[in-house]
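Visitor: Please work out how this folds:
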Amino acid sequence: MLFNSLKYALFLPIVVMLFWLSPQRYRVGILLLASYIFYMSWRPAYIVLIFGLTVFNYYAGLLIHRSTDNKKSWLTLAIVGNLSTLAFFKYAYFFDDMLSLLLKPAGIILPKVPFDIILPLGISFFVFEFIHYVMDIYRGSEPVKSFPGFALFASFFPTQIAGPIKRFQDFVPQFLKPAKFCIDHFDAGATLILTGLFKKVLIADNLSLFVQGGFSHPELFSGADLWLFTYAFAFQIYFDFSGYTDIARGSAQLFGYKVPINFHLPYLAGSVADFWHRWHISLSTWLRDYLFIPLGGSRGSRLKQYRNLFLTMTLGGLWHGAALHFLLWGIYHGLLLVLHREWVRLTAGAHFIQALLKSVSGRCFATLLTFHAICVGWVLFRAETAQSGAVILEKMLFLDAFSKGTAGLNLTLPAINYPLIYPAIFILLPVLAGAHLVCAWLANRNLLARTPKLLRAIYCLALLCLIIVFSPDQSPRFIYFQFQPEQSLVRNNRHFPSDCPTPNHSFLG
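Guide: Numbering: from 1, shown residues only. The predicted structure is shown next:
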């Protein structure tokens, strides 16, 4: 059941109505049941997995809290249990492929896994929430005493599939106190949902038609062409993922709940470090609190700090997908962050450079440089394979200067049914940049909540009309979970079900 589907358009109002018409004591149960129905709409059998992990972590949290001598042992068991589950479902084939590749020169052939592994929907996100829970209990937080409440924290359907990653200290108290019906929640929630659908259906989905043509056939295009495709993907993934987050936040607000903001003008970042403070905020803060700091954080020598930073981003890249190009994407960002820290250290006492960076022209240059550095990383993220990403980057960075077609634009798309979007991209990119600013500004300033109701109604009606009129014939699933369901890998022939994209796109559980 996707946020941009008719099923969800029917499911959400029914759940909202049942929630507010029921007595307070039944509301957590109603949301929990709705969340499990939402999850089972994909593959009913895997409800056993999320429920089993919920039971495991609930009791692990209680044992960690009550124990005096074995706290660390119980914590280790909980983390190993969660990570083992994630590793089995998401990385079994990847690690087997890497091991087979390493052993191949020695003539050792590993036996193939005799069964298929189907990647459970949303597993990466709820495993991270479970790890956060047990680690914070170990650090002194009080565990959730109510099992239904804890189960709802893990399975809450608006954030179930692709976050934002919640903190139980923020989420659980919201349903422990009596919820009061407030029409403002509906206004704010409905506005967020329509804004998210506008971003997803009108902008991201139309851009996806353009992006797919370029990344599927990079050999047909010049370096300048591929820069355009990459710019388009940068905005596609932003509007797609921030659109998902808006719908998730809006859906939660219909019940009077708040979930974290996940984006804050990311493409205005003046450095890569600043970008990660603005992009997928719930993930970057999770990586900081539960990976970077436990590794040692900024303690110790400069070399150790850089090692911790590099390992954090490398593992963050691998978390996004069991494929080499996601690992390379994480390595790339790890290197960028290390270089940024070194740059800050080396220029700390250079007054001329500091003054230049604080000037308007210096800030603009830093923003443009950061945006293009991020775009280079998006190539690795979006590429069909690591080899395809290398081909694209070679052309984009003009390393193939003697190759045919590098010097000029080759504005011909292969087999694409949306011919107007390619020439229009030159006009569209500045418009997208402006839309990025306006949407984020409206959200972060909360201006819509302060406008008169009549203007909000006109705004929502305009969004609805635009979505209906300009949406493409088919709306693909959200980027951050469209490649997970039904992912069945048959090792001998790399077969995939007909309704599932190819493995190089399966990057999130």
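Visitor: Identify the residues contacting the closest residue to Phe275 other than its chain neighbours.
Guide: Taking CB to CB, 6 or more residues apart in numbering, and ignoring the residues beside it in sequence, Phe275 has Ala269 as its nearest neighbour in space, at 3.8 Å. All C-beta spots, glycine's among them, are computed from the backbone N, C-alpha and C. Each residue near Ala269 by CB atoms under 8 Å, 6 or more residues apart in numbering is listed here: Phe275, His277, Arg278, Trp279, Thr367, Thr370, Phe371, Ile374.
Visitor: buried set for whichever strand or helix holds Tyr36?
Guide: Here Tyr36 sits within helix 24-40, counting by DSSP states H and E. With burial defined by 16 or more other CB atoms under 10 Å, the residues of helix 24-40 counted as buried are Arg27, Val28, Ile30, Leu31, Leu32, Leu33, Ala34, Ser35, Tyr36, Phe38, Tyr39.
Visitor: Quick one: residues in contact with the strand or helix carrying Thr85.
Guide: In this structure, Thr85 sits in helix 71-86 according to DSSP H and E. By CB under 8 Å, 6+ apart, the residues outside helix 71-86 that reach it are 49, 53, 56-57, 60-61, 63-64, 67, 123-124, 127, 130-131, 134-135, 138, 509.
Visitor: May I see the PyMOL selection of the buried members of those?
Guide: A single PyMOL command is used to select the members of the contacts of helix 71-86 judged buried by 16+ other CB under 10 Å:
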select buried, resi 49+53+56+57+60+61+63+64+123+124+127+130+131+134+135+138+509
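Visitor: Look at Asn206 and say how many residues are nearby.
Guide: 20 (other CB atoms under 10 Å).
Visitor: what's the spacing between it and Ala232?
Guide: 10 Å (CB to CB, to the nearest Å).
Visitor: Likewise for Leu309?
Guide: In terms of CB to CB, Leu309 sits 30 Å off from Ala232.
Visitor: again with Leu101
Guide: Between Leu101 and Ala232 the computed distance is 33 Å (CB to CB).
Visitor: do Lys358 as well
Guide: Counting by CB to CB - Lys358 and Ala232 are separated by 32 Å.
Visitor: Looking at these two, which one has more neighbours?
Guide: Taking neighbours as other CB under 10 Å, Lys358 and Ala232 compare with Ala232 leading, 24 against 9.
Visitor: Just want the phi and psi numbers for the more buried one.
Guide: Torsion angles at Ala232 (phi, psi; degrees, to the nearest 10) stand at phi -60, psi -40.
Visitor: How about Ile108?
Guide: phi -90, psi 120.
Visitor: neighbours around it, how many?
Guide: 10.
Visitor: pLDDT score for the closest residue to Phe326 other than its chain neighbours?
Guide: Closest residue in space to Phe326, ignoring its immediate chain neighbours: His320 at 4.8 Å, by CB to CB, 6+ apart. Per-residue pLDDT puts His320 at 86.
Visitor: gap between His320 and Phe275?
Guide: Going from His320 to Phe275 by CB to CB gives 16 Å.
Visitor: Which one's more surrounded, these two?
Guide: Ranked by neighbour count (other CB under 10 Å), His320 and Phe275 place Phe275 first, with 25 against 20.
Visitor: Secondary structure element for the more buried one, which one?
Guide: Counting by DSSP H and E, the element that carries Phe275 is helix 272-278.
Visitor: how about the CA coordinates for that helix, as PDB?
Guide: Extracted C-alpha coordinates of helix 272-278, given in PDB (Å, rounded to 0.1, in the frame of the first residue of the first chain):
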ATOM      1  CA  VAL A 272      29.300  18.500   2.900                       C
ATOM      2  CA  ALA A 273      29.100  18.500   6.700                       C
ATOM      3  CA  ASP A 274      26.400  21.100   6.500                       C
ATOM      4  CA  PHE A 275      24.600  19.000   3.900                       C
ATOM      5  CA  TRP A 276      24.400  16.100   6.300                       C
ATOM      6  CA  HIS A 277      22.900  18.400   8.900                       C
ATOM      7  CA  ARG A 278      20.100  19.200   6.400                       C
END
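Visitor: quick one: contacts for Gly330?
Guide: Met313, Thr314, Leu315, Gly316, Gly317, Leu318, Trp319, His320.
Visitor: In contact with the residue nearest to Leu324 when sequence neighbours are not counted, which residues?
Guide: Closest residue in space to Leu324, ignoring its immediate chain neighbours: Ala386 at 4.2 Å, by CB to CB, 6+ apart. Ala386 sits next to Ala323, Leu324, His325, Leu328, Leu380 when contact means CB under 8 Å, 6+ apart.
Visitor: Could you check the strand or helix carrying the third one and say which residues are buried?
Guide: In other words, His325. Using DSSP H and E, His325 falls within helix 324-347. Buried positions in helix 324-347, judged by neighbour count with 16+ other CB under 10 Å: 324-338, 340-341.
Visitor: again, but for stretch 134-143
Guide: Val134, Met135, Asp136, Ile137, Tyr138, Pro143.
Visitor: Show which residues not belonging to that stretch make contact with it.
Guide: 57, 60-62, 64-65, 71-72, 75, 78-79, 82, 167-169, 290.
Visitor: Of the residues you listed, select the buried ones using a PyMOL command.
Guide: Remark: buried members of these, expressed as a PyMOL selection using 16+ other CB under 10 Å:
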select buried, resi 57+60+61+62+64+65+75+78+79+82+167+168+290
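Visitor: For burial, what's the neighbour tally of the spatially closest residue to Leu295 that is not a sequence neighbour?
Guide: Excluding its sequence neighbours, the residue lying closest to Leu295 (CB to CB, 6+ apart) is Asn308, at 4.3 Å. Neighbour count of Asn308, defined by other CB under 10 Å: 21.
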